[in-house]
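> model the structure of this input:
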Amino acid sequence: MKLLMLIILLVHVAATLPTDGNNLIEQTCRRTPFYDVCISSLKSKPRSSGADVTGLALTMVDVLKTKATETLNHIKALLHGSPKLKRSLRSCADSYKAIIEGDVPEAIEALKKGNPKFAEQGANDAADEATSCEGRFSGRSPLTDMNKAVHDVAAVAAAIVRNLL
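Below is the predicted model:
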């Protein structure tokens with residue numbers, strides 16, 4: 001009987017141990033505000049499968065940079081054809097430049113130096129910039145979906161970094 005209990009216990013323990021990077025991704029993403037965004041972002045990047053939590057955070061910051069750059073490029077295109085929205089779009093362009101040139105490099109450097117507090121701040125600042133951009137329009141903006149995507153990715157990045165504090 002004791003042998004059977006020991007075998008059951010060992011099987012249970014073995015079943016709960018992380019077996020690969022995908023398990024770490026899933027465990028980490030469960031602790032974020034946007035699980036689906038986290039899973040799809042990390043699983044789309046091959047380097048995530050073998051990464052530790054710092055590597056997952058760096059990957060999310062990279063996804064943030066990509067989404068912010070796509071949004072800035074879209075803003076630049078809209079500036080050529082939307083005279084009524086120029087003031088709001090220019091302000092949003094400044095916000096996205098701040099994300100790309102300030103928040104993302106701050107987060108990357110902080111993660112590489114082992115100072116997650118500043119990485120979390122950079123990701124939170126990026127989320128705030130996206131929200132602020134959206135607020136510059138009365139009603140739904142032409143950037144609503146992109147602002148939401150940047151906000152959500154930044155919030156996920158901040159939540160992943162929080163695991164390192």
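> distance of Ala110 relative to Glu129?
When distance is defined by C-beta to C-beta, to the nearest Å, Ala110 is 17 Å away from Glu129. All C-beta spots, glycine's among them, are computed from the backbone N, C-alpha and C.
> and for Ile108?
With the distance defined as C-beta to C-beta, Ile108 ends up 16 Å from Glu129.
> and if you look at Ser138?
Ser138 is 19 Å from Glu129, by C-beta to C-beta.
> repeat that for Val61.
14 Å.
> so what pLDDT did Met5 get?
Per-residue confidence (pLDDT) for Met5: 41.
> on that earlier part again, and Val61 and Glu129? Which one has more around it.
Between Val61 and Glu129, counted using other C-beta atoms under 10 Å, Val61 has the larger neighbour count: 28 against 25.
> grab the nearest non-local neighbour of that one.
Ala107 (4.7 Å; C-beta to C-beta, 6 or more residues apart in numbering).
> pull the longest helix from the protein.
In the chain, with assignment by DSSP state H, the single longest helix is helix 53-79.
> so which elements touch that helix?
helix 21-29, helix 35-43, helix 86-98, helix 104-112, helix 116-135, helix 144-162 (3 or more C-beta pairs under 8 Å, 6 or more residues apart in numbering; DSSP states H and E).
> tell me the most buried of those helices?
helix 144-162 (a mean of 23; mean count of other C-beta atoms under 10 Å).
> next, the angle from that helix to helix 53-79.
160 degrees (axes from the mean of the first three to the mean of the last three C-alpha atoms, to 10 degrees).
> for helix 144-162, the distance to its chain's centre please.
What separates the centre of helix 144-162 from the centre of its chain is 5 Å, taken as C-alpha atoms, centre = their mean, to the nearest Å.
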